[in-house]
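K.L.:
got a sequence here, can you build the structure:
(chains A and B)
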Amino acid sequence: MLHQIFAITIKDLKILFKDRGGMIVLFAMPAMFILVMSTALQSSFSVGGSDNPIELLVVNQDRGGLAEKAITEIGDLDGITLISTVDGTALSVETADRMISNGDYSVALVFPADFEERILAAATDPQAGEATITFIADPTTSTQFLGPIQGTVQGFIQQAAAYAQAPRQIEAGFASLSEEVPPAQVQFVNQIGEAFVDAMTEAGGLENEGSLGVRFEQVAPSDFAVTEFPDSVEQNVPGYTIFGVFFIVQVIATSLLSEKQNGTFRRLLAAPLSQPALLLGKLLPYYLVNLLQVALMFTIGALVFDMNLGNAPLALVLVTLATAAAATGMGLLVASFGKTPEQIGGLSTLLALTLAAVGGMMVPTFVMPEFMQAISKISPHAWALAGYQDVIVRGLGLQSVLPEAGVLMAFAVVFFGIAVWRFRFD
Amino acid sequence: MKNTILSVQDLYKSYGDNHAVRGVSFEIARGEVFGLLGPNGAGKTTSISMLTGLLEPTSGSVQVDNMPFGKNGYAVKAKLGLVPQELALYPTLSARDNLIFFGRIYGLRGKQLKMRADEVLAMVGLADRADEAIETYSGGMKRRINIAAGLLHEPEILFLDEPTVGVDPQSRNAIFESVEALNRNGLTILYTTHYMEEAQRLCDRVAIMDRGEIIALDSPKALMSGLGGGIIRLGLHNGHIDTVSQRGSEHPAIKSITRTDGMMIVETHQAQAALMGLLEITNQLDAHITSLEVLEPNLETVFLTLTGKNLRD
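P.N.:
This next block holds a predicted model:
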């Protein structure tokens, strides 16, 4: 029986490797996804860092110097580059507007002419009205990109405004106090107020020169062994690899249907060959192709994009073996239902896209509504992705992927079980 | 029967109310070429499918070399070779790759397999194109490789299911010669066809099948000798059929007359004399002849006599 299984395996591998279209679907397409999407999304992961700062147009119309202070503070940040001139000339609103409209830049910040005026007025007069700072942004710019920029800029502007307003508020406070003290003490109170403001200014607290004493850092949970945060490659390669692995479903189902339609199935069944050996022989080559796909995609990730493969290669192997089992099982399942190439194509595509979408290949599951997150549990893609991410992104080991591998094998058993029950050899 | 290699007893195959094979029984002797002749839908392929283990019979038994099929499935299958009606080959692989693969399925390996593949390729005259993909072959060449694949493991019985369908005359002749050569070397062959001339040329005995049953079984010569001098098919306007039949039956050259669908099927001792007699009768009665056919004794006319239909209706 074993030599018969290997004979069928070798025969199918020969046929598969002669099929250029099949090779493109199984290997070139996932590789292209990885290469193109990882390169395209690299910026979205590194943008805002010192290697890839966000470019922000700035139009400063402020008659006072307060906007300039805020702009200086923002410009000192590592992740932002401010552009306030074009060809040596200060940017105007019209120019900034045109540059964004042309798609040269995504965001512009406009300080109005009465910025400082209004900020200082608001220090002592609640009715003074607000200073309006305008963000000009291309409507197609995603909120995920725009939000953090706005938040950061707002923070620095509010800080600058607070520092500018503080002396006036203190003076106003002491002036109010001086109205309540005896006339002989008014001068004393005013002197205290001035000395207070002078002392704070000297210490740098009101000049916006000191640190607020707060720093932010990003870390992973303590039980994750993450030394560096993942980039686009480590986030995306596992997903696209899984997507590619499940392309095998249609290939397997089509191969079985072809055997039936071209009569070779009949010849094989007339031979001293058991039905289990026939099915195993048919599935083994595609299982091996799955393993090869994963190895190739991860190799591309590692060699081309310096992808981190985690610290537990055995865990990666286990997830891969279980994912391939689920994929080949699904292929046999589709073969047991599809009676024509059209039915097989339709069913395979429906399963591939639906399970990939539900499983978090296109949108992370954590952003989905709760009921969708529950539904994602029925997708083998979701479990495979979780397994790979445990190793590659979270730095976990073999034990942590046992549940995912177990569920994937359960999928495989169920798929095989139903398929064998339904499969017609005649 | 002495030296029986295949014994079929009361074979039935039903699909609900549709009885594809009804009570088929026969035996084949070792070294015989046995024909199953019948029109499309007669049950030939269904019968072969049961004899080769592809279909489970509804009832009945099959024994190969005294081994019941059911209990000894794999051992029996190893003795059988099947050349299916449809081409059963992998088109993108070469002829050699196809043969090597099927040989491995039958347990052949290594040098023995390679030698055997070379032998059958030579046997079917395709050794020089063995390494080209099957999809580049003509229909006749594909048929020859189809046969070669059934021979690789040196079966004791070869089932050839309509092997010349869609084949050009030259390749058809090559197939006949291959079958004759194989039989001369002792191979037992069960050959199904709806072409009378193939059965007449190749088969030692022929079982004529129609609607799932065997309606006649004997050597071609014996089957045809029953027809005497031949068959005349005469079509008349209904008004005169009864009278012509009655008077024709009395003619000494006419063996028997049967009627079907406005036609008279006349079995003759001597076709020419019978024809003259019939024409005289129709002239006397002023009967209007709508069609007239004189058929030599052959298996087609045997079928016609037995069923009232042509073999290729």
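
K.L.:
residue B:284: how many residues sit nearby?
P.N.:
Neighbour count of residue B:284, defined by other C-beta atoms under 10 Å in any protein chain shown: 11. C-beta coordinates here come from the backbone N, C-alpha and C atoms, glycine included.

K.L.:
quick one: residues contacting it.
P.N.:
Contacts for residue B:284 (C-beta atoms under 8 Å, 6 or more residues apart in numbering or on different chains) come out as none.

K.L.:
quick check: the gap between it and residue B:277.
P.N.:
From residue B:284 across to residue B:277, the span is 11 Å (C-beta to C-beta, to the nearest Å).

K.L.:
what do you get for residue A:160?
P.N.:
128 Å.

K.L.:
may I have the host helix or strand of residue A:381 exported as CSV, CA atoms only?
P.N.:
Using DSSP states H and E, residue A:381 sits in helix A:380-392. Taking Å, rounded to 0.1, in the frame of the first residue of the first chain, the C-alpha atoms of helix A:380-392 are listed here in CSV:
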residue,chain,number,x,y,z
PRO,A,380,-9.5,27.6,10.5
HIS,A,381,-7.7,30.7,9.1
ALA,A,382,-8.3,32.4,12.4
TRP,A,383,-6.7,29.6,14.4
ALA,A,384,-3.8,29.3,12.1
LEU,A,385,-3.2,33.1,12.2
ALA,A,386,-3.4,33.1,16.0
GLY,A,387,-0.8,30.2,16.1
TYR,A,388,1.6,32.0,13.9
GLN,A,389,1.2,35.3,15.6
ASP,A,390,1.8,33.7,19.0
VAL,A,391,5.2,32.6,17.8
ILE,A,392,6.2,35.5,15.4
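
K.L.:
what packs against it?
P.N.:
Using 3 or more C-beta pairs under 8 Å, 6 or more residues apart in numbering or on different chains; DSSP states H and E as the contact test, the elements touching helix A:380-392 are helix A:232-245, helix A:313-337, helix A:341-358, helix A:398-422.

K.L.:
how about the residues of chain B by chain A?
P.N.:
Residues of chain B lying close to chain A (C-beta under 8 Å from any C-beta of the partner chain) are B:52-55, B:73-75, B:77-78, B:80, B:82, B:84, B:86-93, B:97, B:101-102, B:104-107, B:109, B:149-150.

K.L.:
for the helices and strands packed on helix A:380-392, which one sits closest to chain B?
P.N.:
helix A:341-358 (15.5 Å; C-beta to the nearest C-beta).

K.L.:
any stretches of the chain with poor pLDDT?
P.N.:
Just going to use chain A. Low-confidence regions of chain A, defined by pLDDT under 70, span residues A:38, A:40-52, A:139-145, A:200-232, A:235, A:366-367, A:426.

K.L.:
my question was about chain B
P.N.:
Within chain B, the segments meeting pLDDT under 70 span B:1-2, B:227, B:238, B:312-313.

K.L.:
tell me where it has strands.
P.N.:
In chain B, strands defined by DSSP state E lie at B:4-15, B:18-29, B:33-37, B:59-64, B:67-68, B:80-83, B:157-161, B:188-193, B:205-210, B:213-218, B:230-236, B:254-260, B:263-268, B:289-295, listed in chain order.

K.L.:
as TSV, those strands with distance to residue A:120 and mean neighbour count would be great.
P.N.:
Shown next, in TSV, are these (distance: least, C-beta to C-beta, whole Å; neighbours: other C-beta atoms under 10 Å in any protein chain shown):
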stretch	distance to residue A:120	mean neighbour count
strand B:4-15	96	18
strand B:18-29	99	18
strand B:33-37	109	27
strand B:59-64	106	17
strand B:67-68	108	14
strand B:80-83	99	26
strand B:157-161	101	25
strand B:188-193	106	24
strand B:205-210	109	24
strand B:213-218	111	18
strand B:230-236	120	22
strand B:254-260	118	17
strand B:263-268	119	22
strand B:289-295	119	14
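
K.L.:
I am finished for the moment; much appreciated.
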